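Colleague: can't give you the sequence, but here's the structure:
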């Protein structure tokens, strides 16, 4: 993950805003704040247990970082049911395991309008199978998005989960292509592929101009 983020940083992208959806303890947000020093970073997470950690990031970067305690989703307002696992890390909307609680939902387009966020955007998804509903609420923002990194899956652990190859095809309809993958995770009991992180860029990005292995 860090090596690809550093490569993107070396290309000198001028991000207005980086959205960290599934911010957890804010570790990815802190990477983004360091690697993209001209960007505003917004963390999004629905778990109240994460708020103290995100507050510390905000205290360290008061002018560049903020966070929203909500689920990113298809609608700007309302609530969704979140299944909260004991370790917190496996929590997901409409999950099969964990304590159920209602949490607020906000669309990405709603966040952008409400906070006056500026593009171009870099979006990070660590959203445990809820990616397509989030994308449905991001139509306007996607028009100004340069890169996306998304946790993608090989099993349907929720009703909404798209398998990684389905997500790649779906993102092509949005105008994005995969240019890298990192952090392969195999599940514990049989070693089968569980998830990977996919990096997407706009189909017209310069990275896709050459079809050569060796030559730019």
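Modeller: That came through fine. Computed from a predicted model, the values in this text were never measured in an experiment.

Colleague: what's the helix or strand of the chain with the lowest mean pLDDT in contact with?
Modeller: Of all regular secondary-structure elements in the chain, judged by mean pLDDT, DSSP states H and E, the least confident is strand 92-93 with a mean of 86. Contacts to strand 92-93, defined as CB atoms under 8 Å, 6 or more residues apart in numbering, come from residues 71, 73, 80-83, 127-130, 133, 157-158, 160. Every residue, glycine included, has its C-beta placed from N, CA and C.

Colleague: and the spatially most central residue of the chain, what is it in contact with?
Modeller: Centroid-nearest residue in the chain: residue 125, 1.6 Å away (criterion: CA atoms, centre = their mean). With contact set as CB under 8 Å, 6+ apart, residue 125 has these partners: 21, 22, 131, 134, 148, 149, 150, 151.

Colleague: before we move on, back to that, let's see which of the contacts of strand 92-93 end up in strands.
Modeller: 71, 73, 80, 81, 82, 83 (DSSP state E).

Colleague: just the buried subset of these, please.
Modeller: Buried residues within these, counting neighbours by 16 or more other CB atoms under 10 Å: 71, 73, 80, 82, 83.

Colleague: tell me which other helices or strands the helix or strand harbouring residue 30 touches.
Modeller: Taking DSSP states H and E as the definition, residue 30 sits inside helix 27-35. Packed against helix 27-35 by the contact rule (3 or more CB pairs under 8 Å, 6 or more residues apart in numbering; DSSP states H and E) you find helix 2-10, strand 17-21, strand 40-45, helix 51-60, strand 65-69, strand 121-125.

Colleague: cheers, nothing more for now.
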